[in-house]
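S.K.: Give me a 3D structure for the following:
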Amino acid sequence: MKKIVLILFVSVLAFGCTTLDEELNDTVGSEVAATTADTESLLISAYQAMRIFDTQDNIFALQEHTSDELAGPTRGPDWDDGGVWRNLHTHNWASSNNFINSAYTGLLSGIFRSTQVLEFDPTPAQAAQARFLRAFFAFHLVDNFGLVLGREPGEDLTAPPSITLNRPEGINFVIAELEEIIDDLPDTGDATVANRNAAHFLLAKAYLNKAVYMATDPSTNAASAGPFSFDAGDMNTVISHVDAIVSSGDYELETMYFDNFSPTNTDDSSENIFVSENVRGNNPANTHSRWHMTLHYNSQPDGWNGFVTLAEIYDLYEDGDMRREFTPDYFEGNTGMNAGFLLGQQYAADGTPLEDRNGDPLAFTKDFSLTASSEVAGIRVIKYPVDFTSIGSVGNDYVHFRLADALLMKAEAILRGGSATMGDTPESLVNSIRTLRGTSDLTGITLDDILDERARELYWEGWRRNDQIRFSTFLDAHHEKPASSEQYLLFPIPPAALSTNPNLTQNPGY
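M.R.: Purely as a prediction, here's the structure:
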(Lines give C-alpha, C1' and ligand atoms only; values in the text may rest on other atoms or scores of the structure.)
Protein backbone atom coordinates (compact mmCIF):
# COMPACT_ATOMS: atom_id res chain seq x y z
CA MET A 1 0.00 0.00 0.00
CA LYS A 2 2.85 2.39 0.81
CA LYS A 3 4.28 1.80 -2.66
CA ILE A 4 0.94 2.50 -4.32
CA VAL A 5 0.43 5.73 -2.40
CA LEU A 6 3.96 6.85 -3.27
CA ILE A 7 3.44 6.18 -6.99
CA LEU A 8 0.22 8.17 -6.97
CA PHE A 9 1.89 11.01 -5.11
CA VAL A 10 4.82 11.25 -7.51
CA SER A 11 2.61 11.06 -10.59
CA VAL A 12 0.35 13.81 -9.30
CA LEU A 13 3.23 16.18 -8.55
CA ALA A 14 4.83 15.45 -11.90
CA PHE A 15 1.82 16.97 -13.58
CA GLY A 16 1.58 19.89 -11.15
CA CYS A 17 -1.88 18.77 -10.15
CA THR A 18 -4.06 17.08 -7.59
CA THR A 19 -7.68 16.10 -7.15
CA LEU A 20 -10.69 17.83 -5.70
CA ASP A 21 -13.05 14.91 -5.93
CA GLU A 22 -14.25 13.08 -2.87
CA GLU A 23 -13.12 9.78 -4.39
CA LEU A 24 -10.02 8.94 -6.38
CA ASN A 25 -10.26 6.07 -8.83
CA ASP A 26 -7.19 3.90 -9.27
CA THR A 27 -6.51 0.22 -9.63
CA VAL A 28 -6.90 -0.47 -5.91
CA GLY A 29 -10.36 -1.76 -5.09
CA SER A 30 -12.30 -0.27 -2.23
CA GLU A 31 -12.25 -3.59 -0.37
CA VAL A 32 -8.44 -3.64 -0.42
CA ALA A 33 -8.24 0.00 0.62
CA ALA A 34 -10.58 -0.52 3.53
CA THR A 35 -8.47 -3.34 4.93
CA THR A 36 -4.96 -1.99 4.28
CA ALA A 37 -5.07 1.79 4.55
CA ASP A 38 -4.30 3.56 7.80
CA THR A 39 -6.70 6.48 7.47
CA GLU A 40 -5.49 8.21 10.60
CA SER A 41 -1.90 8.11 9.35
CA LEU A 42 -3.00 9.62 6.06
CA LEU A 43 -4.76 12.39 7.97
CA ILE A 44 -1.61 13.04 10.01
CA SER A 45 0.30 13.27 6.73
CA ALA A 46 -2.18 15.87 5.50
CA TYR A 47 -1.68 17.93 8.66
CA GLN A 48 2.09 17.67 8.25
CA ALA A 49 1.82 19.14 4.76
CA MET A 50 1.18 22.47 6.50
CA ARG A 51 4.85 22.50 7.45
CA ILE A 52 5.62 24.26 4.20
CA PHE A 53 4.50 27.41 6.04
CA ASP A 54 6.99 27.03 8.92
CA THR A 55 10.21 27.37 6.98
CA GLN A 56 11.91 30.66 6.09
CA ASP A 57 11.59 30.15 2.33
CA ASN A 58 8.85 28.81 0.05
CA ILE A 59 5.36 30.07 0.93
CA PHE A 60 6.55 32.34 3.77
CA ALA A 61 8.94 34.07 1.36
CA LEU A 62 6.06 34.67 -1.04
CA GLN A 63 3.81 36.01 1.72
CA GLU A 64 6.30 38.30 3.47
CA HIS A 65 9.40 39.07 1.35
CA THR A 66 7.13 40.51 -1.33
CA SER A 67 5.53 42.87 1.20
CA ASP A 68 6.65 45.97 3.09
CA GLU A 69 7.27 43.96 6.29
CA LEU A 70 10.39 41.97 5.51
CA ALA A 71 13.58 42.11 3.47
CA GLY A 72 16.70 39.99 2.99
CA PRO A 73 19.75 42.25 2.67
CA THR A 74 22.95 40.98 1.09
CA ARG A 75 25.86 41.28 3.57
CA GLY A 76 29.08 41.00 1.60
CA PRO A 77 29.05 37.43 0.28
CA ASP A 78 26.29 36.44 2.74
CA TRP A 79 22.64 36.12 1.73
CA ASP A 80 23.02 37.07 -1.92
CA ASP A 81 21.77 33.65 -3.06
CA GLY A 82 21.62 34.74 -6.66
CA GLY A 83 19.45 37.71 -5.78
CA VAL A 84 16.42 35.58 -4.89
CA TRP A 85 15.47 37.53 -1.74
CA ARG A 86 16.13 40.89 -3.41
CA ASN A 87 14.02 39.96 -6.43
CA LEU A 88 11.08 39.05 -4.20
CA HIS A 89 11.35 42.32 -2.29
CA THR A 90 11.58 44.48 -5.42
CA HIS A 91 8.93 42.52 -7.37
CA ASN A 92 11.34 41.33 -9.99
CA TRP A 93 10.90 37.58 -9.75
CA ALA A 94 10.69 35.18 -12.68
CA SER A 95 8.96 31.85 -13.28
CA SER A 96 12.25 30.05 -12.59
CA ASN A 97 12.28 31.18 -8.94
CA ASN A 98 12.80 28.04 -6.85
CA PHE A 99 10.85 29.33 -3.85
CA ILE A 100 7.82 30.04 -6.03
CA ASN A 101 8.06 26.59 -7.59
CA SER A 102 8.46 24.90 -4.19
CA ALA A 103 5.50 26.79 -2.76
CA TYR A 104 3.31 25.76 -5.70
CA THR A 105 4.32 22.10 -5.40
CA GLY A 106 3.93 22.16 -1.62
CA LEU A 107 0.39 23.51 -1.77
CA LEU A 108 -0.58 20.91 -4.35
CA SER A 109 0.99 18.24 -2.18
CA GLY A 110 -1.22 19.39 0.68
CA ILE A 111 -4.35 19.09 -1.47
CA PHE A 112 -3.28 15.65 -2.65
CA ARG A 113 -2.59 14.36 0.86
CA SER A 114 -5.91 15.72 2.09
CA THR A 115 -7.79 14.07 -0.76
CA GLN A 116 -6.04 10.74 -0.11
CA VAL A 117 -7.75 10.56 3.29
CA LEU A 118 -11.15 10.59 1.60
CA GLU A 119 -10.43 7.39 -0.31
CA PHE A 120 -9.95 5.11 2.65
CA ASP A 121 -13.22 4.97 4.55
CA PRO A 122 -12.69 7.91 6.93
CA THR A 123 -15.05 8.64 9.77
CA PRO A 124 -17.25 11.73 9.25
CA ALA A 125 -14.92 13.72 11.51
CA GLN A 126 -11.82 12.55 9.62
CA ALA A 127 -13.43 13.33 6.28
CA ALA A 128 -14.42 16.81 7.45
CA GLN A 129 -10.90 17.53 8.69
CA ALA A 130 -9.40 16.33 5.41
CA ARG A 131 -11.76 18.51 3.41
CA PHE A 132 -10.98 21.48 5.64
CA LEU A 133 -7.27 20.98 5.01
CA ARG A 134 -7.94 20.66 1.28
CA ALA A 135 -9.82 23.98 1.39
CA PHE A 136 -6.97 25.52 3.42
CA PHE A 137 -4.39 24.66 0.76
CA ALA A 138 -6.79 25.60 -2.04
CA PHE A 139 -7.32 29.04 -0.48
CA HIS A 140 -3.59 29.70 -0.55
CA LEU A 141 -3.36 28.45 -4.16
CA VAL A 142 -6.09 30.88 -5.18
CA ASP A 143 -4.47 33.70 -3.22
CA ASN A 144 -0.95 33.21 -4.58
CA PHE A 145 -1.35 31.55 -7.98
CA GLY A 146 -4.94 32.32 -8.97
CA LEU A 147 -6.09 28.77 -9.60
CA VAL A 148 -7.15 25.43 -8.15
CA LEU A 149 -6.80 22.13 -10.05
CA GLY A 150 -9.12 19.11 -10.02
CA ARG A 151 -10.32 15.92 -11.69
CA GLU A 152 -13.52 14.18 -12.63
CA PRO A 153 -14.19 10.80 -10.98
CA GLY A 154 -12.48 7.95 -12.78
CA GLU A 155 -9.73 9.99 -14.39
CA ASP A 156 -6.32 8.45 -14.94
CA LEU A 157 -4.02 9.95 -12.33
CA THR A 158 -1.06 9.72 -14.71
CA ALA A 159 -2.77 12.13 -17.12
CA PRO A 160 -3.14 15.90 -16.68
CA PRO A 161 -6.24 16.93 -14.74
CA SER A 162 -9.23 18.02 -16.75
CA ILE A 163 -10.52 20.65 -14.31
CA THR A 164 -8.80 23.97 -13.76
CA LEU A 165 -10.58 26.50 -11.56
CA ASN A 166 -9.75 30.16 -12.05
CA ARG A 167 -9.72 32.66 -9.18
CA PRO A 168 -13.50 33.25 -8.91
CA GLU A 169 -14.25 29.54 -9.31
CA GLY A 170 -11.47 28.66 -6.88
CA ILE A 171 -12.66 30.87 -4.05
CA ASN A 172 -16.23 29.67 -4.58
CA PHE A 173 -14.97 26.09 -4.25
CA VAL A 174 -13.23 26.95 -0.97
CA ILE A 175 -16.37 28.57 0.40
CA ALA A 176 -18.68 25.76 -0.71
CA GLU A 177 -16.38 23.09 0.69
CA LEU A 178 -16.14 24.75 4.11
CA GLU A 179 -19.85 25.49 4.32
CA GLU A 180 -20.67 21.88 3.53
CA ILE A 181 -18.44 20.29 6.16
CA ILE A 182 -18.37 22.82 9.00
CA ASP A 183 -20.96 21.03 11.13
CA ASP A 184 -19.05 17.75 10.86
CA LEU A 185 -15.81 19.23 12.20
CA PRO A 186 -14.86 18.65 15.84
CA ASP A 187 -16.53 21.20 18.10
CA THR A 188 -13.42 21.81 20.18
CA GLY A 189 -11.06 24.55 21.16
CA ASP A 190 -8.05 22.31 20.46
CA ALA A 191 -5.97 24.51 18.16
CA THR A 192 -4.00 21.57 16.75
CA VAL A 193 -7.17 20.11 15.19
CA ALA A 194 -9.08 21.42 12.18
CA ASN A 195 -12.06 22.42 14.30
CA ARG A 196 -15.32 24.23 13.66
CA ASN A 197 -13.92 27.61 14.69
CA ALA A 198 -11.01 27.19 12.27
CA ALA A 199 -13.59 26.78 9.50
CA HIS A 200 -15.41 29.91 10.67
CA PHE A 201 -12.09 31.77 10.54
CA LEU A 202 -11.18 30.57 7.04
CA LEU A 203 -14.67 31.36 5.77
CA ALA A 204 -14.36 34.87 7.20
CA LYS A 205 -11.00 35.23 5.45
CA ALA A 206 -12.45 33.93 2.16
CA TYR A 207 -15.45 36.27 2.22
CA LEU A 208 -13.30 39.25 3.25
CA ASN A 209 -11.07 38.69 0.20
CA LYS A 210 -13.78 37.53 -2.19
CA ALA A 211 -14.01 40.91 -3.97
CA VAL A 212 -10.29 40.69 -4.72
CA TYR A 213 -10.59 37.28 -6.35
CA MET A 214 -13.76 38.13 -8.24
CA ALA A 215 -12.04 41.16 -9.83
CA THR A 216 -10.36 38.91 -12.38
CA ASP A 217 -10.18 39.20 -16.16
CA PRO A 218 -12.22 36.16 -17.30
CA SER A 219 -10.22 35.74 -20.49
CA THR A 220 -6.71 35.88 -18.99
CA ASN A 221 -7.21 35.29 -15.23
CA ALA A 222 -5.33 38.56 -14.71
CA ALA A 223 -5.63 40.07 -11.25
CA SER A 224 -6.77 43.62 -10.57
CA ALA A 225 -4.94 46.08 -8.33
CA GLY A 226 -8.24 47.53 -7.16
CA PRO A 227 -9.78 49.44 -5.54
CA PHE A 228 -12.35 46.71 -5.06
CA SER A 229 -16.11 46.74 -4.60
CA PHE A 230 -16.84 44.88 -1.39
CA ASP A 231 -20.35 43.45 -1.23
CA ALA A 232 -22.22 44.32 1.98
CA GLY A 233 -23.63 40.80 2.12
CA ASP A 234 -20.15 39.32 2.01
CA MET A 235 -19.05 41.67 4.80
CA ASN A 236 -22.03 40.60 6.90
CA THR A 237 -20.99 36.98 6.35
CA VAL A 238 -17.49 37.83 7.59
CA ILE A 239 -19.06 39.34 10.69
CA SER A 240 -21.32 36.33 11.31
CA HIS A 241 -18.39 33.91 11.18
CA VAL A 242 -16.31 36.02 13.55
CA ASP A 243 -19.31 36.25 15.89
CA ALA A 244 -19.56 32.45 15.84
CA ILE A 245 -15.94 32.21 16.98
CA VAL A 246 -16.49 34.73 19.78
CA SER A 247 -19.75 33.14 20.86
CA SER A 248 -18.14 29.73 21.16
CA GLY A 249 -16.49 30.95 24.35
CA ASP A 250 -13.34 29.01 23.52
CA TYR A 251 -11.06 32.03 23.11
CA GLU A 252 -10.12 35.36 24.60
CA LEU A 253 -7.39 37.82 23.76
CA GLU A 254 -4.12 36.80 25.36
CA THR A 255 -2.84 39.22 28.00
CA MET A 256 0.78 38.25 27.30
CA TYR A 257 1.15 38.77 23.55
CA PHE A 258 4.17 36.52 23.01
CA ASP A 259 2.47 33.60 24.78
CA ASN A 260 0.71 33.12 21.43
CA PHE A 261 4.06 32.11 19.92
CA SER A 262 5.99 30.69 22.89
CA PRO A 263 7.66 27.26 23.04
CA THR A 264 4.55 26.04 24.89
CA ASN A 265 2.07 28.29 23.09
CA THR A 266 -0.74 25.77 22.66
CA ASP A 267 -0.91 25.53 26.46
CA ASP A 268 -0.10 29.21 27.10
CA SER A 269 -2.33 30.96 24.56
CA SER A 270 -6.02 31.63 25.02
CA GLU A 271 -6.49 33.04 21.50
CA ASN A 272 -4.88 30.62 19.04
CA ILE A 273 -7.58 29.03 16.88
CA PHE A 274 -5.55 26.84 14.52
CA VAL A 275 -1.86 25.90 14.65
CA SER A 276 0.56 23.37 13.19
CA GLU A 277 1.67 21.22 16.11
CA ASN A 278 5.34 20.83 16.98
CA VAL A 279 6.34 18.43 19.73
CA ARG A 280 9.67 19.38 21.27
CA GLY A 281 12.35 16.89 20.21
CA ASN A 282 9.90 14.80 18.18
CA ASN A 283 10.39 15.57 14.47
CA PRO A 284 9.06 19.12 14.62
CA ALA A 285 8.87 21.50 11.68
CA ASN A 286 11.32 24.28 10.90
CA THR A 287 9.80 26.86 13.25
CA HIS A 288 13.22 27.55 14.77
CA SER A 289 13.98 29.33 11.47
CA ARG A 290 11.87 32.21 12.74
CA TRP A 291 14.76 33.33 14.95
CA HIS A 292 17.70 31.74 13.13
CA MET A 293 16.81 33.60 9.92
CA THR A 294 17.22 37.00 11.57
CA LEU A 295 19.69 36.78 14.48
CA HIS A 296 23.41 37.54 14.12
CA TYR A 297 26.07 34.85 14.28
CA ASN A 298 27.18 36.14 17.70
CA SER A 299 23.70 36.52 19.17
CA GLN A 300 22.52 34.26 21.99
CA PRO A 301 21.37 31.99 20.45
CA ASP A 302 23.29 32.44 17.22
CA GLY A 303 21.62 32.80 13.85
CA TRP A 304 22.12 33.13 10.12
CA ASN A 305 22.25 36.97 10.18
CA GLY A 306 19.64 37.44 7.52
CA PHE A 307 16.22 39.00 7.46
CA VAL A 308 15.09 42.38 8.76
CA THR A 309 11.96 44.47 8.98
CA LEU A 310 11.58 47.93 7.52
CA ALA A 311 11.88 51.05 9.66
CA GLU A 312 8.41 52.07 8.45
CA ILE A 313 6.91 49.07 10.25
CA TYR A 314 8.90 49.67 13.45
CA ASP A 315 7.82 53.31 13.48
CA LEU A 316 4.13 52.36 13.52
CA TYR A 317 4.40 51.52 17.24
CA GLU A 318 3.99 53.70 20.30
CA ASP A 319 6.44 53.39 23.17
CA GLY A 320 5.24 50.76 25.62
CA ASP A 321 3.54 48.56 23.02
CA MET A 322 4.54 45.05 24.09
CA ARG A 323 4.24 43.81 20.51
CA ARG A 324 7.33 45.87 19.67
CA GLU A 325 9.41 44.93 22.69
CA PHE A 326 8.87 42.56 25.60
CA THR A 327 11.13 40.23 27.58
CA PRO A 328 9.53 36.93 28.65
CA ASP A 329 10.63 35.59 32.04
CA TYR A 330 12.28 32.51 30.54
CA PHE A 331 14.73 34.70 28.58
CA GLU A 332 16.50 35.55 31.86
CA GLY A 333 19.77 33.65 32.13
CA ASN A 334 19.53 32.44 28.54
CA THR A 335 19.90 35.61 26.48
CA GLY A 336 20.19 39.36 26.78
CA MET A 337 17.72 40.10 24.00
CA ASN A 338 13.98 40.74 24.05
CA ALA A 339 11.12 39.34 22.00
CA GLY A 340 9.73 41.59 19.29
CA PHE A 341 12.01 44.02 17.46
CA LEU A 342 15.76 44.21 18.09
CA LEU A 343 17.33 47.64 17.56
CA GLY A 344 20.57 49.09 18.95
CA GLN A 345 23.24 47.44 21.09
CA GLN A 346 22.72 43.74 21.77
CA TYR A 347 23.80 41.97 24.97
CA ALA A 348 24.77 38.52 26.21
CA ALA A 349 22.81 36.79 28.95
CA ASP A 350 25.20 38.19 31.58
CA GLY A 351 24.79 41.75 30.32
CA THR A 352 28.04 41.89 28.38
CA PRO A 353 27.75 43.96 25.17
CA LEU A 354 28.00 41.70 22.15
CA GLU A 355 30.31 42.34 19.21
CA ASP A 356 30.11 41.57 15.53
CA ARG A 357 32.69 39.45 13.71
CA ASN A 358 35.02 42.45 13.36
CA GLY A 359 34.98 43.17 17.09
CA ASP A 360 32.74 46.21 16.68
CA PRO A 361 29.57 46.71 18.76
CA LEU A 362 26.73 44.44 17.70
CA ALA A 363 24.26 47.32 17.45
CA PHE A 364 21.45 46.84 14.94
CA THR A 365 20.49 49.90 12.88
CA LYS A 366 17.27 50.97 11.18
CA ASP A 367 18.93 51.48 7.82
CA PHE A 368 19.96 48.68 5.49
CA SER A 369 20.78 48.13 1.83
CA LEU A 370 19.44 45.28 -0.24
CA THR A 371 22.78 44.89 -2.00
CA ALA A 372 25.50 46.14 0.38
CA SER A 373 24.60 45.88 4.06
CA SER A 374 26.93 45.55 7.00
CA GLU A 375 26.55 42.79 9.59
CA VAL A 376 24.49 45.04 11.85
CA ALA A 377 22.25 46.72 9.27
CA GLY A 378 18.52 46.29 9.77
CA ILE A 379 16.04 45.77 12.60
CA ARG A 380 15.75 42.12 13.60
CA VAL A 381 12.53 40.39 14.65
CA ILE A 382 11.81 37.70 17.24
CA LYS A 383 8.13 36.87 16.75
CA TYR A 384 8.46 33.32 18.06
CA PRO A 385 10.34 33.38 21.41
CA VAL A 386 13.31 31.06 21.41
CA ASP A 387 12.87 27.55 22.80
CA PHE A 388 16.06 27.51 24.89
CA THR A 389 15.49 23.93 26.06
CA SER A 390 15.64 22.56 22.51
CA ILE A 391 17.07 25.09 20.06
CA GLY A 392 16.96 22.89 16.97
CA SER A 393 13.90 20.78 17.78
CA VAL A 394 11.43 23.26 19.17
CA GLY A 395 8.02 23.17 20.76
CA ASN A 396 6.61 26.41 19.31
CA ASP A 397 3.47 25.47 17.39
CA TYR A 398 3.19 27.47 14.17
CA VAL A 399 0.20 29.82 14.31
CA HIS A 400 -2.16 30.04 11.34
CA PHE A 401 -5.34 31.55 12.85
CA ARG A 402 -5.93 33.50 16.05
CA LEU A 403 -8.64 35.59 17.65
CA ALA A 404 -6.97 39.00 17.23
CA ASP A 405 -6.95 38.55 13.46
CA ALA A 406 -10.62 37.57 13.53
CA LEU A 407 -11.56 40.71 15.48
CA LEU A 408 -9.61 42.90 13.07
CA MET A 409 -11.41 41.21 10.16
CA LYS A 410 -14.74 42.10 11.79
CA ALA A 411 -13.67 45.72 12.29
CA GLU A 412 -12.64 45.94 8.63
CA ALA A 413 -15.86 44.29 7.45
CA ILE A 414 -17.93 46.88 9.33
CA LEU A 415 -15.96 49.71 7.73
CA ARG A 416 -16.48 48.09 4.31
CA GLY A 417 -20.27 48.16 4.65
CA GLY A 418 -21.18 45.34 7.01
CA SER A 419 -23.66 45.80 9.86
CA ALA A 420 -22.22 46.01 13.36
CA THR A 421 -23.35 43.28 15.80
CA MET A 422 -22.99 42.40 19.47
CA GLY A 423 -22.51 46.08 20.33
CA ASP A 424 -19.15 46.17 18.54
CA THR A 425 -17.70 49.07 16.59
CA PRO A 426 -14.41 49.27 14.70
CA GLU A 427 -13.08 51.35 17.61
CA SER A 428 -14.16 48.90 20.30
CA LEU A 429 -12.76 45.92 18.41
CA VAL A 430 -9.39 47.48 17.63
CA ASN A 431 -9.00 49.04 21.06
CA SER A 432 -9.84 45.77 22.82
CA ILE A 433 -6.59 44.50 21.28
CA ARG A 434 -4.56 47.67 21.78
CA THR A 435 -5.46 47.97 25.47
CA LEU A 436 -4.04 44.52 26.21
CA ARG A 437 -0.92 45.31 24.20
CA GLY A 438 -0.20 48.32 26.41
CA THR A 439 -0.93 51.12 23.95
CA SER A 440 -3.42 53.98 23.67
CA ASP A 441 -6.91 53.87 22.18
CA LEU A 442 -7.61 55.02 18.64
CA THR A 443 -10.59 57.17 17.68
CA GLY A 444 -12.23 57.75 14.32
CA ILE A 445 -10.77 54.55 12.90
CA THR A 446 -10.40 54.39 9.12
CA LEU A 447 -9.45 51.57 6.76
CA ASP A 448 -5.89 52.92 6.73
CA ASP A 449 -5.86 52.54 10.51
CA ILE A 450 -6.98 48.92 10.13
CA LEU A 451 -4.12 48.16 7.73
CA ASP A 452 -1.62 49.72 10.14
CA GLU A 453 -3.06 47.84 13.10
CA ARG A 454 -2.88 44.59 11.19
CA ALA A 455 0.82 45.30 10.63
CA ARG A 456 1.37 45.98 14.34
CA GLU A 457 -0.54 42.91 15.47
CA LEU A 458 0.21 40.35 12.75
CA TYR A 459 3.75 41.17 11.57
CA TRP A 460 5.66 38.22 10.13
CA GLU A 461 2.62 35.91 10.46
CA GLY A 462 2.21 35.43 6.70
CA TRP A 463 -0.76 37.75 6.01
CA ARG A 464 0.92 40.99 4.87
CA ARG A 465 0.88 40.32 1.12
CA ASN A 466 -2.77 39.30 1.34
CA ASP A 467 -3.61 42.45 3.32
CA GLN A 468 -1.70 44.81 1.05
CA ILE A 469 -3.39 43.46 -2.08
CA ARG A 470 -6.83 43.87 -0.49
CA PHE A 471 -5.97 47.45 0.54
CA SER A 472 -4.40 48.20 -2.90
CA THR A 473 -0.95 49.06 -1.51
CA PHE A 474 0.98 45.96 -2.60
CA LEU A 475 2.35 47.49 -5.80
CA ASP A 476 3.38 50.79 -4.19
CA ALA A 477 7.02 51.85 -3.90
CA HIS A 478 8.83 51.41 -0.58
CA HIS A 479 12.38 50.76 0.65
CA GLU A 480 14.42 50.25 -2.57
CA LYS A 481 11.33 48.86 -4.28
CA PRO A 482 9.88 50.82 -7.19
CA ALA A 483 6.19 50.81 -8.01
CA SER A 484 5.44 47.50 -9.72
CA SER A 485 2.99 46.28 -12.35
CA GLU A 486 -0.16 44.23 -11.93
CA GLN A 487 1.48 41.01 -13.11
CA TYR A 488 3.09 40.74 -9.65
CA LEU A 489 -0.29 40.38 -7.95
CA LEU A 490 -0.01 36.69 -8.86
CA PHE A 491 2.96 34.37 -8.98
CA PRO A 492 3.85 32.44 -12.15
CA ILE A 493 2.91 28.85 -12.74
CA PRO A 494 6.15 26.79 -12.68
CA PRO A 495 7.44 25.93 -16.17
CA ALA A 496 7.54 22.21 -15.33
CA ALA A 497 3.82 22.26 -14.59
CA LEU A 498 3.06 24.08 -17.83
CA SER A 499 5.15 21.69 -19.91
CA THR A 500 3.31 18.61 -18.65
CA ASN A 501 -0.23 19.95 -18.31
CA PRO A 502 -1.81 21.36 -21.49
CA ASN A 503 -4.82 22.59 -19.49
CA LEU A 504 -2.70 25.17 -17.65
CA THR A 505 -2.12 28.70 -18.91
CA GLN A 506 0.65 30.90 -17.57
CA ASN A 507 -0.46 33.89 -15.50
CA PRO A 508 -0.28 37.18 -17.43
CA GLY A 509 3.10 38.90 -17.67
CA TYR A 510 5.31 35.82 -17.29
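S.K.: pLDDT wise, what is the residue nearest to the spatial centre of the chain at?
M.R.: With distances taken as CA atoms, centre = their mean, residue 462 lies nearest the centre of the chain, 3.6 Å away. For residue 462, the pLDDT comes out at 98.
S.K.: Same question for residue 160.
M.R.: The model reports residue 160 with a pLDDT of 74.
S.K.: correct me, but it touches residue 498?
M.R.: No. Using CB atoms under 8 Å, residue 160 is not in contact with residue 498; the gap is 10.6 Å. The way it works is simple: take the backbone N, C-alpha and C, and place the C-beta from them, glycine included.
S.K.: okay, and the common contacts of those two?
M.R.: Jointly contacting residue 160 and residue 498 under the rule CB atoms under 8 Å, 6 or more residues apart in numbering are residue 504.
S.K.: What residues of the top helix by length along the chain count as buried?
M.R.: Using DSSP state H to define each element, the chain has its longest helix at helix 124-145. Across helix 124-145, burial judged by 16 or more other CB atoms under 10 Å covers 126-145.
S.K.: now stretch 431-438
M.R.: Buried-residue list, stretch 431-438, by 16+ other CB under 10 Å: 431-434, 436-437.
S.K.: could I get those as TSV with secondary structure and pLDDT?
M.R.: As requested, the buried residues of stretch 431-438 are arranged in TSV below (DSSP: H, G, I helix; E, B strand; the rest coil; pLDDT from 0 to 100):
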residue	secondary structure	pLDDT
431	helix	98
432	helix	98
433	helix	98
434	helix	98
436	helix	98
437	coil	98
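S.K.: Look up how far residue 65 lies from residue 57.
M.R.: As judged by CB to CB, to the nearest Å, residue 57 and residue 65 stand 9 Å apart.
S.K.: Same drill for these two, tell me which one is more crowded.
M.R.: Set residue 57 next to residue 65 and count neighbours by other CB atoms under 10 Å: residue 65 wins out with 25 against 20.
S.K.: What separation is there between the more buried one and residue 470?
M.R.: Note on residue 65: its distance to residue 470, by CB to CB, is 18 Å.
S.K.: Quick check: phi and psi at the nearest residue in space to residue 288 that is not next to it in sequence.
M.R.: Spatial nearest neighbour of residue 288, chain neighbours left out: residue 394 (4.8 Å); criterion: CB to CB, 6 or more residues apart in numbering. Backbone torsions of residue 394, given as degrees, to the nearest 10, read phi -90, psi 170.
S.K.: Contact partners for residue 394?
M.R.: Residue 394 neighbours (CB under 8 Å, 6+ apart): 263, 278, 280, 284, 287-288, 387.
S.K.: how far away is residue 273 from residue 429?
M.R.: For residue 273, the distance to residue 429 - CB to CB - is 16 Å.
S.K.: what about the strands in the stretch 201-350 of the chain?
M.R.: If you assign secondary structure with DSSP state E, counting those that start in this stretch, the strands in the stretch 201-350 of the chain sit at 272-276, 325-326, 339-342, 344-345.
S.K.: and those as a markdown table, adding distance to residue 504, mean neighbour count and mean pLDDT?
M.R.: Listed next are these as a markdown table, based on distance: least, CB to CB, whole Å; neighbours: other CB atoms under 10 Å; pLDDT from 0 to 100:
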| stretch | distance to residue 504 | mean neighbour count | mean pLDDT |
| --- | --- | --- | --- |
| strand 272-276 | 29 | 24 | 98 |
| strand 325-326 | 47 | 18 | 98 |
| strand 339-342 | 41 | 23 | 98 |
| strand 344-345 | 49 | 13 | 98 |
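S.K.: so which of those gets nearest residue 175?
M.R.: strand 272-276 (17.4 Å; CB to CB).
S.K.: ok so, going back, the longest helix of the chain relative to strand 272-276, how many degrees between them?
M.R.: 80 degrees (axes from the mean of the first three to the mean of the last three CA atoms, to 10 degrees).
S.K.: Make residue 1 into 274 and carry on from there
M.R.: OK, 274 is where the count begins now, so the last one is helix 397-418.
S.K.: so where's the protein shaky on pLDDT?
M.R.: 274-310, 423-429, 435 (pLDDT under 70).
S.K.: mind giving me the domain split of it?
M.R.: 274-342+360-441+749-783, 459-550+670-747, 561-669 (automatic domain parsing).
S.K.: how about CSV for the ones you listed, with distance to residue 450 added?
M.R.: Formatted as CSV, the domains of the chain follow (distance: least, CB to CB, whole Å):
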stretch, distance to residue 450
domain 274-342+360-441+749-783, 4
domain 459-550+670-747, 9
domain 561-669, 29
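S.K.: give the contact list for the closest residue in space to residue 597 that isn't next to it in sequence.
M.R.: Among residues not flanking residue 597 along the chain, residue 590 sits closest, at 4.1 Å (CB to CB, 6+ apart). Applying CB under 8 Å, 6+ apart to residue 590 gives the contacts 596-597, 712, 729.
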